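**Q** Pasting the sequence and the predicted model now:
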Amino acid sequence: MTRLTRRPRRGPSFVGKPPRATADSAPPSEYDAFAAVYDFEYDELVEDIPFYRDLATEAGGPVLELGAGTGRVLIPVAAAGVEIVGLDASPAMLAVAREKVAGLPPDVQARISLVEGDMRSFDLGEARFGLVYIPFRAFLHMLTVEDQLSALAAIWRSLRPGGRLALAFFDPRLDLIAARTTARATTPFIERVTPLLDGARVVQWAAPRYDPLRQILDAEFIYDRLDADGRLVERVHRHLMLRWIYRYEAEHLFARAGFTTEALYGGFDGRPFESEGDEQVWVLRRPESRA
Ligand SMILES: C[S@@+](CC[C@H](N)C(=O)[O-])C[C@H]1O[C@@H](n2cnc3c(N)ncnc32)[C@H](O)[C@@H]1O
């Protein structure tokens, strides 16, 4: 997946508190604390956007993005003329998306609906969508087989017969897993330093731990904003848990949920999946009729 470049920024863009979840909303997701830094971190991640945009245009709408977050992919899809629903579990991520959508031309705004919900249990109408897509590893937030199957069943119901499901996640790298299993020391390391225009910088630390038995990546990230003299001005923590999925495990999982596999790519340019550590980019179909 794309690594961010270290260009000077007019930052810091993560100062400011994300909105809190209200008492009657879903329990705060681990992304609520991350909403304020998400676009700062991923604003240069664009390589997957044409892939989903083209599938969405082909499907003709309406389409559904699960784990839509701050609208990184959703907004370009809507701008391409496709009617789209974005569902996400994090009120804070959706609040960032809503703010961005409010600044779009009225015709693009009119094509976008944002919904708070859980991809394991949503019901947005049966057989409504020509395409459901899940970018950037959001499906790995399904931490158990039960959660994976619940999400796939909800997606299956929401798709029109013949409709597609596209999703992508990293292919597990055994060397990284072996190097940082829970049994070993997990000292944080500096993952990235982003210079800011005023001589300040953001230093990003990561402490990923891999549990090979449960296939769970449990990671802590720390974002330190330092002033030009190196003094700590602000610190934001982020915690993340993902369940990684091996290629043939995915194949069985999708088949068990009733999908047929149209393609597995190793990247968003459509190259074949052929080496460990490639991105797994899946295009599946809900068959016209159940076999
Ligand atoms: C890595 S972000 C991807 C955001 C956006 N699609 C993108 O590509 O930039 C994953 C998103 O999935 C959401 N998410 C995690 N678990 C979820 C669940 N059970 N149901 C719906 N959304 C979920 C998070 O709140 C987060 O916004």
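**A** Alright, I've got the coordinates. Numbers count the residues shown, from 1 in each chain.

**Q** what sits opposite Pro272 in the beta ladder?
**A** Beta-bridge pairing for Pro272 (DSSP bridges): Tyr265.

**Q** Start from the N-terminal end of the stretch 101-250 of the chain and give the strands.
**A** Applying DSSP state E, counting those that start in this stretch to the stretch 101-250 of the chain gives strands spanning 112-116, 129-134, 159-170, 189-195, 201-211, 216-226, 232-243.

**Q** buried sites along the fifth one?
**A** By neighbour count with 16 or more other C-beta atoms under 10 Å, strand 201-211 contains the buried residues Arg201, Val202, Val203, Gln204, Trp205, Ala206, Ala207, Pro208, Arg209, Tyr210. C-beta: built from backbone N, CA, C; applies to glycine.

**Q** Could you list the low-pLDDT ranges of the stretch 1-150 of the chain?
**A** Within the stretch 1-150 of the chain, the ranges that satisfy pLDDT under 70 run 1-28.

**Q** can you give me the helices for this protein?
**A** 35-42, 49-59, 74-79, 91-102, 106-110, 145-158, 174-179, 247-256 (DSSP state H).

**Q** Run the angle between the first one and helix 91-102 for me.
**A** Looking back up the chat, that one is helix 35-42. Taking axes from the mean of the first three to the mean of the last three C-alpha atoms, to 10 degrees, one finds helix 35-42 and helix 91-102 inclined to each other by 60 degrees.

**Q** export helix 35-42 as CSV, just CAs?
**A** Below are the C-alpha coordinates for helix 35-42, written out as CSV (Å, rounded to 0.1, in the frame of the first residue of the first chain):
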residue,chain,number,x,y,z
ALA,A,35,-10.8,10.9,13.2
ALA,A,36,-8.7,14.1,13.8
VAL,A,37,-5.6,12.6,12.4
TYR,A,38,-7.0,10.3,9.6
ASP,A,39,-6.9,12.8,6.7
PHE,A,40,-3.5,14.1,7.9
GLU,A,41,-2.1,10.6,7.6
TYR,A,42,-3.8,9.4,4.5
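
**Q** Report the angle between it and strand 201-211.
**A** For helix 35-42 against strand 201-211, the angle by the same axes, to 10 degrees is 100 degrees.

**Q** Which other helices and strands does helix 35-42 contact?
**A** helix 91-102, strand 232-243 (3 or more C-beta pairs under 8 Å, 6 or more residues apart in numbering; DSSP states H and E).

**Q** name the helices or strands packed onto the last one?
**A** If I follow you right, that is strand 232-243. Judged by 3+ C-beta pairs under 8 Å, 6+ apart, the packing partners of strand 232-243 are helix 35-42, strand 216-226.

**Q** what are the pairing partners of it, and which direction each?
**A** Partners of strand 232-243 in its sheet, by DSSP bridges: strand 216-226 (antiparallel).

**Q** related to what we said a few turns ago, can you redo the helices and strands packed on strand 232-243 as a markdown table, where the extra columns are mean neighbour count?
**A** Listed next are the helices and strands packed on strand 232-243 as a markdown table, based on neighbours: other C-beta atoms under 10 Å:
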| stretch | mean neighbour count |
| --- | --- |
| helix 35-42 | 20 |
| strand 216-226 | 18 |
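
**Q** now the ones you listed in a markdown table, with distance to the ligand?
**A** Compiled in a markdown table, the helices and strands packed on strand 232-243 are given as follows (distance: least, C-beta to the nearest ligand atom, whole Å):
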| stretch | distance to the ligand |
| --- | --- |
| helix 35-42 | 6 |
| strand 216-226 | 12 |
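
**Q** Make a markdown table from those and add distance to Ile49 to it.
**A** A markdown table is the format used below for the helices and strands packed on strand 232-243 (distance: least, C-beta to C-beta, whole Å):
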| stretch | distance to Ile49 |
| --- | --- |
| helix 35-42 | 11 |
| strand 216-226 | 24 |
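
**Q** From the recorded domain assignment, give the ranges for this structure.
**A** Domains of the chain are assigned by automatic domain parsing as 35-172+246-285, 174-243.

**Q** Tell me which of those domains sits most buried.
**A** Ranked by mean neighbour count, these are led by domain 35-172+246-285 with a mean of 19 (mean count of other C-beta atoms under 10 Å).

**Q** now that one: how far from the chain's centre is it?
**A** Here the centre of domain 35-172+246-285 is set off from its chain's centre by 8 Å, with C-alpha atoms, centre = their mean, to the nearest Å.

**Q** try stretch 194-202
**A** With C-alpha atoms, centre = their mean, you get 26 Å for stretch 194-202.
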